[in-house]
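[1] here's my sequence, what's the structure:
(2 chains)
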Amino acid sequence: MDIIVCVKHVPDTAEAELKIDASGKAVDKAGLVYDINEWDDYALEEAVRIKEKQGGTVTAITIGSEDSDSTLRKCLARGADKAIRLTDPKFAGSDSYATAKILHSVIKTMHYDLILAGLQAGDDGATAVGPILAEMLGIPHATMVKKLELATGTAKVNRELEGGLEEQIEVKLPALLAVSTGINEPRYVSIMGIRKAMQKEIKIMTLADTGLTEAEVGEQGSWTRIEKLYVPPAEKQAEPVTGTPDEIAAKIVDLLRSRGLI
Amino acid sequence: MAKLFVLAEHRQGQLRDITFEMLTKGREIAEKTGTELTAVILGSNVKEHAKALAEYAQAVILVEDPRLENFNSEAYKKVLQALIAAHKPLLIMMGHTSYGVELAPRLAAALSIPLATDLIDLAFEADQLTATRQMYGGKVNVKTVVRKAETYIATIRTATFTPQKPSPPANGQILETPSPLTEDIAEKRFLQYVLPPPGGVDITAAEKLVGVGRGIKDQANMPLMEELAKTLGAVLACSRPIVDKGWLPTDRQVGSSGKTVKPKLYLALGISGAFQHVLGMKSSDLIIAVNKDPKAPIFSFADYAVVEDLFKIVLPLKNKVNEAKAQKT
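    As a prediction, this is how the structure comes out:
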């Protein structure tokens, strides 16, 4: 089974303090640590597990600058056979729609039985590239995939609904599946493994290779354009609890005691 | 009059809250843009739902077909394509839910209609749709301008707008529309609902919860969190990453894909406060959050904010709670 996995190289911002940059349209990336998008990490793992079971190939594909190579190297070290990086300054500002067009231009020329992607990206989180790409390719899709069982020509998929409920659906292959976190346990890759993957080639393609025009990509080719970023207004004004750790602990205990919670 | 579509969301015989949230926001936009607020409901035996929607909308388009009994994005796509072609609505709103996420991008691509997703606000400014959403797990809001078009699709974040029934009720006309579906959807089939396995612990019944998140860093730190919870007489709960890593079972997860809780105390440790988590705990009586990032979104929902490394706080807190309990006895 030939599997394509769409991945993205994103800053890990879960515990980072973010600042909006001078343009007002982006986050200041200085000091942020980049890695494979968390959701894509699960997608890649799922692909490698299928390959290990049934054979075939795994190709990781990304859109991004040279920095994205570290994410592709990680994919190769994990078990991907090939890696493709779509790189062009003209791609900057692409939203989900433009991103899907770029991916489509290359994927439509490749052979695949299954396309896996993360449900969303940790940075813009639009949750839209997968289904748009599937529509362009004319193949069925499913999002929020929490469980995947393959049979001949079909995939049985559990989709996460709200409140812990799931639905089981069946889609015909080839299909695009956008996976949720927690679908598997991504394996650990050693530094040695990543070093080994350094020898594998990363295929680089530019706008000229996609057959798309400049107007079809980037901000021009997008449905949405960022006007400004701002810090979300607080719903509540939390009261700060300050001091040394011991003092903070004592204050919390007073608070709990006053409310009859201890 | 041009229409503004709100796609009603329902499952297992129930209209979902997001429907009424969208109808409320939709009413405001319809008034400003001079469009007719139109609820669209697709299903099988859903006339009762149509009546409920008529109280909120000026018109209700009802399409019934046994093939629409359970949600299927391909079936929905085909029906909506026909409805959009017939009515040319200015805007189609749907929930940014397990259904909307599955359907909206695909429908938008099929019809080349601009799409904006997961919106917390939207408005037409000088004839152009502006859409506000969040990035980086809720740490930043972003205002976007959507490319000019005759029709737009927007998915709306749940629990963002407070539903309000118009008074008097809108009493909209119900327009029964024949289903354009002529055959079953072969490439995508609904099989069944799968209920979560019954868990050993019911976190919704707990008076006190200690919620742990990504900031816990390592599974080796879990026993310490368990001890703190025990000392406080609390139950240990968590945000999604902890369940994804397998450090706690699914029944401990708070948030949109887990449980909604309302304890007397919610002590959030190392939880950044992504919207999906906050949705499940923001109604707690007392929220104390510990996080080393002063800009963590959790602090916008907390009553008390401790900007500190949680590992510096947990042990002293456990000791002080023990002291307090000893004094009491």
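[2] what does B:Ala324 show for phi and psi?
    phi -60, psi -40 (degrees, to the nearest 10).
[3] the helix ranked longest in chain A: which residues count as buried?
    Assignment by DSSP state H gives helix A:38-54 as the longest helix of chain A. Neighbour counts over helix A:38-54 (16 or more other CB atoms under 10 Å in any protein chain shown) mark A:38-51 as buried. Using the backbone N, CA and C atoms, a C-beta is placed for each residue, glycine as well.
[4] now the helices for the stretch 201-329 of chain B?
    All helices of the stretch 201-329 of chain B, identified by DSSP state H, counting those that start in this stretch, fall at B:222-232, B:240-244, B:275-281, B:310-328.
[5] now B:Pro297: closest residue in space that isn't a chain neighbour?
    Distances taken as CB to CB, 6 or more residues apart in numbering or on different chains place B:Gly273 nearest to B:Pro297, at 3.8 Å, with adjacent residues excluded.
[6] so B:Ala50 makes contact with B:Val60?
    Yes - using CB atoms under 8 Å, B:Ala50 is in contact with B:Val60, at 5.0 Å.
[7] any shared contact partners between the two?
    Common contact partners of B:Ala50 and B:Val60 (CB atoms under 8 Å, 6 or more residues apart in numbering or on different chains): B:Ala39, B:Ile41, B:Ile174.
[8] can you pick the most crowded of those residues?
    B:Ala39 (31 neighbours; other CB atoms under 10 Å in any protein chain shown).
[9] am I right that that one is in a strand?
    Yes - judged by DSSP: H, G, I helix; E, B strand; the rest coil, B:Ala39 forms part of a strand.
[10] now the helices of the stretch 201-329 of chain B as TSV including mean pLDDT and mean neighbour count?
    Below are the helices of the stretch 201-329 of chain B laid out as TSV (pLDDT from 0 to 100; neighbours: other CB atoms under 10 Å in any protein chain shown):
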stretch	mean pLDDT	mean neighbour count
helix B:222-232	97	17
helix B:240-244	95	23
helix B:275-281	94	24
helix B:310-328	95	17
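[11] need the three-state assignment for the residue nearest to the spatial centre of chain B.
    For chain B, B:Thr158 is the residue whose C-alpha lies nearest the centre (CA atoms, centre = their mean; 3.4 Å). Using three-state DSSP, the structure places B:Thr158 in coil.
[12] show me what contacts it?
    For B:Thr158, the contacting residues are B:Asp17, B:Ile18, B:Glu21, B:Gly95, B:His96, B:Thr97, B:Ser256, B:Leu279, by CB under 8 Å, 6+ apart.
[13] tell me the pLDDT at it?
    pLDDT recorded at B:Thr158 is 95.
[14] before we move on, what about A:Glu201?
    Looking at A:Glu201, its pLDDT is 92.
[15] just A:Pro174 next, same as before
    For A:Pro174, pLDDT reads 98.
[16] now do the contacts for it.
    Contacts of A:Pro174 (CB under 8 Å, 6+ apart): A:Tyr112, A:Asp113, A:Leu114, A:Ile115, A:Ile139.
[17] next one: it from B:His87, what distance?
    34 Å (CB to CB, to the nearest Å).
[18] what's the pLDDT at A:Ile194?
    As predicted, A:Ile194 sits at a pLDDT of 82.
[19] tell me which element it falls in.
    Taking DSSP states H and E as the definition, A:Ile194 sits inside helix A:191-197.
[20] tell me the helix or strand right after that helix.
    In N-to-C order, the element after helix A:191-197 by DSSP H and E is strand A:202-205.
[21] what mean pLDDT does the helix or strand that that next one is followed by have?
    The element immediately downstream of strand A:202-205 (helix or strand, assigned by DSSP H and E) is helix A:207-210. Throughout helix A:207-210, pLDDT has a mean value of 97.
[22] kindly report the same for stretch A:142-160.
    Stretch A:142-160 comes out at a mean pLDDT of 97.
[23] state the number of residues packed around the nearest residue to A:Ile20 once chain neighbours are set aside.
    In space, and not counting its chain neighbours, A:Ile20 is closest to A:Leu229: 4.8 Å by CB to CB, 6+ apart. Counted with other CB under 10 Å, residues neighbouring A:Leu229 total 19.
[24] beta partners of B:Met135?
    Taking DSSP bridges, one obtains B:Val140 as the residues bridged to B:Met135.
[25] hang on, it packs against A:Ala121?
    No - judged on CB under 8 Å, B:Met135 makes no contact with A:Ala121 at a distance of 9.5 Å.
[26] drop anything exposed from the contacts of B:Thr158.
    Buried, going by 16+ other CB under 10 Å: B:Ile18, B:Glu21, B:Gly95, B:His96, B:Thr97, B:Ser256, B:Leu279, out of those.
[27] wait, is the first one part of a helix?
    Yes - secondary structure assignment places B:Ile18 in a helix (three-state DSSP).
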